[in-house]
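# Please find the sequence and the predicted model below.
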Protein chains: 2
Amino acid sequence: MRMAELSTRSGTPVATIKYYQRETLLAGGERSGPNQALYAESHLERIRLIRGLTEVGGLSVAAVRRVLEAIDSERSLPETFEIAQHSVSATIDESTVSAEALARVDALTAGWHVSAANPGRLAAARVVDTFAEVGQIDVRGWFDRYAAAALLAAEADIDELDARVDRAAKGETVVVGTVLGDKLFSGLRRAAQEHIAALRYGQPPEAAPDHTP
Amino acid sequence: MRMAELSTRSGTPVATIKYYQRETLLAGGERSGPNQALYAESHLERIRLIRGLTEVGGLSVAAVRRVLEAIDSERSLPETFEIAQHSVSATIDESTVSAEALARVDALTAGWHVSAANPGRLAAARVVDTFAEVGQIDVRGWFDRYAAAALLAAEADIDELDARVDRAAKGETVVVGTVLGDKLFSGLRRAAQEHIAALRYGQPPEAAPDHTP
DNA sequence: GCTATCCGATAGTGGCACTATCCAGATGTG
DNA sequence: CACATCTGGATAGTGCCACTATCGGATAGC
């Protein structure tokens, strides 16, 4: 297909597609002349992936470039995981989190095999610090229960990964799962919050859910 | 205290504090002259809250303004929840998600009391759509297991909320918990991913966790 | 008195993700 | 074949956002 079709089928402006090419997120088409090129179905899929990662996943163009490179290269799964994890979360310098918060997180994840450089470990410690800084205290094991929930999700992640066969599919699942998993969870948590709140102090729980406005 | 102390103690540049005042995130100090003002401890706490929400929570200044207004006003808890939820997630038009994805999410949350307008419901549906668009399929109940994890987290959220006594504290807990909860979970999930991956195909599980690089 | 600091207003900066324009050459349509 | 339309590549511009810098006139504190 040519540029115009790629644009309409992906729902992305031509100028934006050209921008992605300049940013090396998207390869050029197969050249059929000095100023002509043809694009394959794979280009369309790649654009959809890029837009999913940016619009829904909230990744920056630079982060998308990193994870795409990880998918395309013949990296091992743990390496791909590491790249995906680093790309979704802002890099946190260990010096910016308190030793107490780090110790708290390490206690939460006691028994887990987590390296010191795991970006999630630092991100969680950062949250623990912030929680304290704004005067909140963990009175009912909020942290611990989140750790339990996270373990559940991570098991689901790896099970899903095991269902993929070839390496390219695994790489893409790692990236997509890491990026979209956060969003899926936060969405479902908001729904669950409304549910639990309604159960405890809101409308009577026997009221049927209303999905038609 | 005066502006200089407010700046040093909060670790925020004077120009930025003035910017927050212009943006009505922070009230002016108590005036002691035509061009002098004194700031209280509450101003310092407010700045810490603002920076926690922006730097760690990733909220925009506009979103911070909305949630602070919700905390300060005498709104009911469900209303505060709604504002906090809308502020953390980008508004999604129902027309941009497919009916199938919406039905899938409603099936995941069957039995929950969730209103049609819940932003999390739409956000989750958006993720389900994107997952399909990039060619991924949910083979091992990934969605369902995330719903279970979300329910666990939401229960922890509401329990934590119940531990607060006065309304102002509850409001702040709603906001902080909603905003930081997402980040805490995503951090812990990354740690858990490394753990489970190591357990399944990585280093031997008997290797002790290494927290000293 | 003198220097450092203050408030408030206004303008400027840098990063980011596009978006628009231009050009010479290619294509397709009647 | 005429001619409007489209193409790839290069370059410049836009809009938004979260600050950041500067200025002028006034005050604080020694």
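The structure has been received and is ready for your questions.
# To which secondary structure element is residue A:127 assigned?
Secondary structure assignment for residue A:127, by DSSP states H and E: helix A:119-133.
# Return the list of helices and strands in contact with that helix.
Secondary-structure packing of helix A:119-133 (3 or more C-beta pairs under 8 Å, 6 or more residues apart in numbering or on different chains; DSSP states H and E): helix A:77-88, helix A:99-108, helix B:167-201. Yep, even glycine has a C-beta here, placed from its N, CA and C like the rest.
# Which stretch among these is buried most, on average?
helix B:167-201 (a mean of 23; mean count of other C-beta atoms under 10 Å in any protein chain shown).
# For it, name the packing helices and strands.
helix A:77-88, helix A:99-108, helix A:119-133, helix A:142-162, helix A:167-201, helix B:61-72, helix B:77-88, helix B:142-162.
# Nearest approach to residue B:122 belongs to which of those helices?
Evaluated with C-beta to C-beta, those place helix A:167-201 nearest to residue B:122, the distance being 7.6 Å.
# at contact distance from DNA strand C, anything in the closest one?
No - using C-beta under 7 Å from any atom of the strand, we find that helix A:167-201 stays clear of DNA strand C, coming within 13.6 Å at best.
# can you state the direction angle for that helix and helix B:142-162?
40 degrees (axes from the mean of the first three to the mean of the last three C-alpha atoms, to 10 degrees).
# Off-centre distance for helix A:167-201?
10 Å (C-alpha atoms, centre = their mean, to the nearest Å).
# relative to helix B:99-108, how tilted is that helix?
Using the same axes, to 10 degrees: helix A:167-201 against helix B:99-108 is 60 degrees.
# Wait, residue A:13 touches residue A:7, no?
Yes - between residue A:13 and residue A:7 there is a contact at 6.4 Å, judged by C-beta atoms under 8 Å.
# What residues sit buried inside stretch A:160-167?
Judged by neighbour count using 16 or more other C-beta atoms under 10 Å in any protein chain shown, the buried positions of stretch A:160-167 are A:160, A:161, A:164.
# For the closest residue to the first one other than its chain neighbours, give me its contacts.
So the one you mean is residue A:160. For residue A:160, ignoring the flanking residues on the chain, the nearest one in space by C-beta to C-beta, 6 or more residues apart in numbering or on different chains is residue B:142 at 4.7 Å. Counting by C-beta atoms under 8 Å, 6 or more residues apart in numbering or on different chains, residue B:142 touches A:156, A:157, A:159, A:160, A:177.
# What parts of chain A come near DNA strand D?
So chain A meets DNA strand D at A:2-5, A:14, A:18, A:21-22, A:28-29, A:31, A:35-37, A:39 (C-beta under 7 Å from any atom of the strand).
# near DNA strand C, from those?
Of the residues of chain A next to DNA strand D, the ones that also sit near DNA strand C (C-beta under 7 Å from any atom of the strand) are A:18, A:35, A:36.
# can you pick the most crowded of the residues you listed?
residue A:18 (13 neighbours; other C-beta atoms under 10 Å in any protein chain shown).
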